[in-house]
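Visitor: Just a sequence and a predicted model for now, questions to come.
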Amino acid sequence: MAVKGPLGTKKKKASVKPRASSAKRGGRSVRGATTAGPIRVGILGQGRSGLDIHARFFTRSPRHYRIAAISDLLRERRTRAESELGCDTYRDYRQLLARDDIDLVVNSLPSHLHPAVTAEALSAGHHVVCEKPLAWKVADVDRVIDAARAARRILAPFQQSRYSPDFQKILQVIDSGVLGEIVQIKISANGFARRWDWQTLQEFRGGNLLNTGPHFVDQAVCLMGFRQPKVAFCHMGRANTYGDAEDDFRAILQRRNAPTIDLEISSCCAYSGDTYIVNGTHGGLSGGGGGLRWRYFDPKKAPGQKLIRAPLPGPSYCRENLTFTERTWSPNEAQRDRFSFMSKRFYDHLFKVLRKGAPLDITPRQVRVQVGVMEECHRRCPLPKLPPRGWRKGG
């Protein structure tokens, strides 16, 4: 099985990706409100992602991006943004969307607001980066794709873990063919933690599958060629959470001519082990962000064998001496700060998309497959819900 897809050594045909266009609308390039200088950004939400991931990156990339405005319901966050980011602030995100000098809107609002507000931002004429999850239903993904097409704007799902250096190395090793046919891949995004914030609530589309899952389900469907897999098994349960959404998730994904994916995202695993285990007919690989190791044999140099139907002499077991080649990989200094590294890769590429018309590496159509998996898992494993109480209105 050769892994083919964006960011691997074998790419899909460019025809599946957005094309550059030289069309203009109202003085704006279809690829941006400005055509030179830094891209002017508006960030919706200044929570963990809006501030610690997106805003922090933009401040470190002044040649390419400039934060023009943010919106947040909480007064203290707006005050901090005015002081630390030196930008305009709004309590109501709609005021930010009404501006005509914003090139790019980053939707880092709470998860339950992602599809609707992303569609609003696109319809208002802005390119949009949407935090994960892009949606929790395929129908919602289709709606935002339609909104982007109608507005002739770029929709870029923030699936930065596709650029994770360990995952990229895994794609390279698999694509090299040294492991043979890939039979199974186990992905374990486990740890031990108790949690009690809004991301533990189904009302706000919380839970491990919609919080952490978009990273690793995205990698799983990438390994399966971005074709919709069958959910052969699914479990969603509550262990250490204080909310009503799951914090213990397991699924087995299967598709013809693709490896079986065994995926776990659990918050009750005290000994988490390796993130990735790849099993192939010529060898295997294991490891994670801290490093990878893989070993394989060359079938051309292996002893010749044939099926023996008669009892083996002895009796005895089938034994042979295979010569294995051992390889390792460790992240370099830049790659050790994984979040900064992935954000830089994502936004450096997006700059080329918006300024030079490059095709997106990570497309909404690919993420649609991921959302299809998550929707099916939620459909098959519903959990009782707490009564909804709404979102804090802020100040």
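Guide: Right, received. Where do you want to start?
Visitor: Please count neighbours and contacts with C-alpha atoms only from this point.
Guide: Fine.
Visitor: For residue 234, list each beta-bridge partner.
Guide: residue 251 (DSSP bridges).
Visitor: Does it touch residue 380 like I think?
Guide: Yes - taking contacts as C-alpha atoms under 8 Å, residue 234 lies within contact range of residue 380: 7.4 Å.
Visitor: Comparing the two, which shows the higher neighbour count?
Guide: Between residue 234 and residue 380, residue 234 has the larger neighbour count (other C-alpha atoms under 10 Å), namely 17 against 14.
Visitor: Can you get me a residue count around the closest residue to residue 291 other than its chain neighbours?
Guide: Distances taken as C-alpha to C-alpha, 6 or more residues apart in numbering place residue 330 nearest to residue 291, at 4.4 Å, with adjacent residues excluded. Look at residue 330: counted by other C-alpha under 10 Å, it has 17 neighbours.
Visitor: Over stretch 331-349, what's the mean pLDDT, rounded is fine.
Guide: The predicted model gives stretch 331-349 an average pLDDT of 96.
Visitor: The stretch 201-350 of the chain: strands as residue ranges?
Guide: Remark: strands assigned in the stretch 201-350 of the chain by DSSP state E, counting those that start in this stretch are 230-237, 248-254, 260-266, 276-280, 283-288, 291-297, 324-329.
Visitor: one step back: got a list of what the residue nearest to residue 291 touches?
Guide: Taking C-alpha atoms under 8 Å, 6 or more residues apart in numbering as the criterion, residue 330 is in contact with 290-292.
Visitor: Let's see if you can find the most crowded of those.
Guide: residue 292 (22 neighbours).
Visitor: Surely that residue and residue 166 touch.
Guide: Yes - counting by C-alpha under 8 Å, residue 166 is a contact partner of residue 292 at 7.3 Å.
Visitor: now stretch 324-342, how far from the chain's geometric center?
Guide: Counting by C-alpha atoms, centre = their mean, to the nearest Å, stretch 324-342 is centred 18 Å from the centre of its parent chain.
Visitor: Show me which positions of that stretch end up buried.
Guide: 329-331, 335, 338-342 (16 or more other C-alpha atoms under 10 Å).
Visitor: what does stretch 186-202 give?
Guide: Counting neighbours by 16+ other C-alpha under 10 Å, stretch 186-202 gives 186-190, 198-202 as buried.
Visitor: Need the contact partners of stretch 55-70.
Guide: Taking C-alpha under 8 Å, 6+ apart as the rule, stretch 55-70 contacts 37-46, 78, 81, 85, 87-90, 93, 96, 102, 340, 343-344, 351.
Visitor: go on, stretch 153-161?
Guide: Under C-alpha under 8 Å, 6+ apart, the answer for stretch 153-161 is 30-31, 122, 125-132, 134, 145, 148, 167, 214-216, 218-219, 342-343, 345-346, 354, 360, 362-364, 367.
Visitor: Just the endpoints, please. Distance across that stretch?
Guide: 23 Å (C-alpha to C-alpha, to the nearest Å).
Visitor: Just checking the distance from it to the centre of its chain.
Guide: For stretch 153-161, the distance to the chain centre is 9 Å (C-alpha atoms, centre = their mean).
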